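[1] With the input below, show me the fold.
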Amino acid sequence: MSPPTENSENNKTNVGKQEFKKNRWSFVKNRSSFATVLSEESNTNEDWPEERPPNPYENASLLSKMFFVWPYQLMKKKKTGSKTADTAFDGILNASDLPDVLNTDSSGEKLFNFNVMWMAEKRRAEEVMKGHKIKSANNPSIAPKSAYPRLGRALIRDYIVSLWFLQPVMIVLSSAKLLQAVSLGKLIQSFQDGGSSSYLWAGILVTSAAVVLMTNHQVYFFTWHKGMQTRIACIAAIYDKTLRLKSTSDSSSGNTINLATNDVDRFLNASAFGPYIVWGPLMLLLILVIGWLVIGWSFAVGIALMIFGIAPLQLNLSKKFGGLRSKTARASDARVNAMSQAIEGIRVVKMMGYENIFQERITSCRKDEVDAIKRVYRYKVSGRAMSEALFFVTNIVVSVVIFLVTVGSGGTLSLVNVYTTLALVNTAQFEIALFSRAVAGLSECAVSVKRIQAFLESPEQVIQNVHDTFDIDSQIQIRVSNVTCHWDNTCVDLVPAIDENIVSENVALHNIDIEFQKGELTCIIGGVGSGKSAFLSMLAGMVRFRADSTIAYASQEPFIIDASFDACFYERVITACGLNADFAQLRDGEFSIAGDRGASLSGGQKARIGLARAF
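    Numbering: from 1, shown residues only. So this is what the prediction gives:
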């Protein structure tokens, strides 16, 4: 645990800015990944930065952004105090060297945008469903697919709106590629004719190559950046969803970890190569038109061979990757779930002698996962080898076919035709490769999006506080009136007419009336199965109830995270909870790192810290 107070012998309640930022950074570090584990051996005396340097991209000039000069200051970081040339550039970056994150890239900002986007998609689907119900009132029919919210549809809309400015850049990039191929043929022709236009076409060729270089890197930078932003937004949304899940939710920790680590990475390739799902076919059409004008209809034969003979092989491999990715994800979920169940119930496993049973189960799940991963990489290796072979063979084979058809149909070959055809075929081949990668990335991303949407649509913990008319001067803190709670988390107000119709096996609490006074200590006692835990769960908000108060809950098995809390009542709380003795035993006292789920703390220390956090 890391309180935001400065550890001073004279005045512990003096809140220091440096210690506050140190512990706030520790909290962020712990929450940055589900796999992060801050062990007891962590160095808590590390020099955390008081303030990070500003992000160089924020104030970079247009030229700096075009030529990617803005990160140069970070890359040429020198070691302070170095006096020799050998140690002038040590390549070591400290925490204080890293610039601050742009506000548009922060997880909080991305989470807000994600929620706005997802709620807009839900509202759109509701409107479509309402319209369908009105139209089909007299003639019932199946609702269209657009009447259901789709996270993929919302992400695509957000992607297009966010990167609309790249479409003119893509137009310039595509035009420069075509102009580069045409200018190469014109330059060869000018050498043959001996005219003075050689310098002109040479200048056009060099300029178009420079434009392709600049625009291609800009497109890749912005699309990859958008993929990273989507990845961050989805991780934040998954984390935010876990805080609102029911305690009886079917979503396991293994599934959550897979979503936040493996599935979100699919947005990177999908975002980087996604535009070529549209621009690839458009470029092929333009290349076909230009090639037809240059060498004739024989160019269409070569393009047809490339599209219908070679491209389907690459597309088939891409689609196969998507299906294997879904099977691998399910196998990984099963293995992680089995491990989580074994670890969470290790006491029962040990007492009942179930070690061999769980070992066989986990081994079987791991074997299925490894087999699925092997199949994926087998296809990737064979597919990559085939793609590489096709990449080097396609250009030659298609060009030879075009030349043979041209000569066989009575046409003639010239330097202009040959070099222009070779350049156009090479460009078409590159566009098909990008199109194939786009299909592969989008197919894998579609699987991940469905899994993330299924997780986001999991039932949440619903807290329904119905505020009755309490007197301002009333001493009643919480009032529960005529409440029945079921284990399926439904809550109804009973009346005598339906009192006898309740299914007894589903009822956790029946017709509860109780009031809690301010400053009053209440103990809940009763036999086994009498509803003590259900009553506390109702008050904690795990089931719906009527109340006029906020509640802090210290559970029997506390969940400890490494974080900081308000310093207002810090001293009073640690004294009341008996944490002074625990602080004296810990190596770094009150500034010790609690670790993942309080790994460095004993059971009693976890309980006392959980009670302190509740206060």
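
[2] Need the pLDDT of the most far-flung residue of the chain relative to its centre.
    Relative to the mean C-alpha coordinate of the chain, counting by CA atoms, centre = their mean, the farthest residue is G194 (59.0 Å). With respect to pLDDT, G194 has a value of 75.

[3] Bridged to C485, which residues?
    Beta bridges link C485 to C491, L509, judged by DSSP bridges.

[4] number of nearby residues for it?
    Burial of C485 is recorded as 25 neighbouring residues (other CB atoms under 10 Å). For glycine as for every other residue, the C-beta is placed from the backbone atoms N, C-alpha and C.

[5] Please apply the same query to R124.
    When neighbours are defined as other CB under 10 Å, R124 has 17 of them.

[6] And the residue farthest from the centre of the chain, how far from L200?
    For G194, the distance to L200 equals 14 Å [CB to CB, to the nearest Å].

[7] L442 too?
    42 Å.

[8] now swap in G603 and tell me
    Counting by CB to CB - G603 and L200 are separated by 82 Å.

[9] and what of S141?
    Separation of S141 from L200 (CB to CB): 65 Å.

[10] Also C365?
    Distance, C365 to L200, using CB to CB: 67 Å.

[11] Of those two, which one has the most company?
    C365 (19 against 14).

[12] tell me what the strand or helix carrying that one is packed against?
    Element membership of C365 [criterion: DSSP states H and E] is helix 355-408. Judged by 3 or more CB pairs under 8 Å, 6 or more residues apart in numbering; DSSP states H and E, helix 355-408 is in contact with helix 298-305, helix 311-344, helix 415-456.

[13] Can you add mean neighbour count and give those helices back as a markdown table?
    Shown next, in a markdown table, are those (neighbours: other CB atoms under 10 Å):
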| stretch | mean neighbour count |
| --- | --- |
| helix 298-305 | 20 |
| helix 311-344 | 18 |
| helix 415-456 | 21 |
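
[14] now for the ones you listed, which one comes closest to R587?
    With CB to CB as the measure, helix 311-344 is the member of the helices and strands packed on helix 355-408 nearest R587 (26.3 Å).

[15] That closest one: what's the following helix or strand?
    helix 346-352.

[16] List the buried residues for that following helix?
    By 16 or more other CB atoms under 10 Å, the buried positions in helix 346-352 come out as V349.

[17] swap in stretch 281-299?
    Neighbour counts using 16+ other CB under 10 Å place 283-284, 286-288, 290-291, 294-296, 298-299 of stretch 281-299 among the buried residues.

[18] isn't H486 right up against V507?
    Yes: H486 lies in contact with V507 (CB atoms under 8 Å); the separation is 5.8 Å.

[19] Which residue of those two possesses the greater neighbour count?
    Set H486 next to V507 and count neighbours by other CB under 10 Å: H486 wins out with 18 against 15.

[20] Next, work out how far apart that one and I512 are.
    13 Å.

[21] Please apply the same query to P149.
    As judged by CB to CB, P149 and I512 stand 37 Å apart.

[22] same question, S271
    52 Å.

[23] Comparing the two, which shows the higher neighbour count?
    S271 (25 against 19).

[24] Which helix or which strand is home to the more buried one?
    Counting by DSSP H and E, S271 is found in helix 266-273.

[25] got the angle between that helix and helix 415-456?
    150 degrees (axes from the mean of the first three to the mean of the last three CA atoms, to 10 degrees).

[26] Distance from helix 266-273 to the middle of the chain?
    How far helix 266-273 lies from its chain's middle: 12 Å, per CA atoms, centre = their mean, to the nearest Å.

[27] Can you spell out which helices and strands pack onto that helix?
    Using 3+ CB pairs under 8 Å, 6+ apart: helix 266-273 touches helix 198-242, helix 415-456.

[28] what angle do the last one and helix 298-305 make?
    For helix 415-456 and helix 298-305, the angle between their directions (the same axes, to 10 degrees) works out to 30 degrees.
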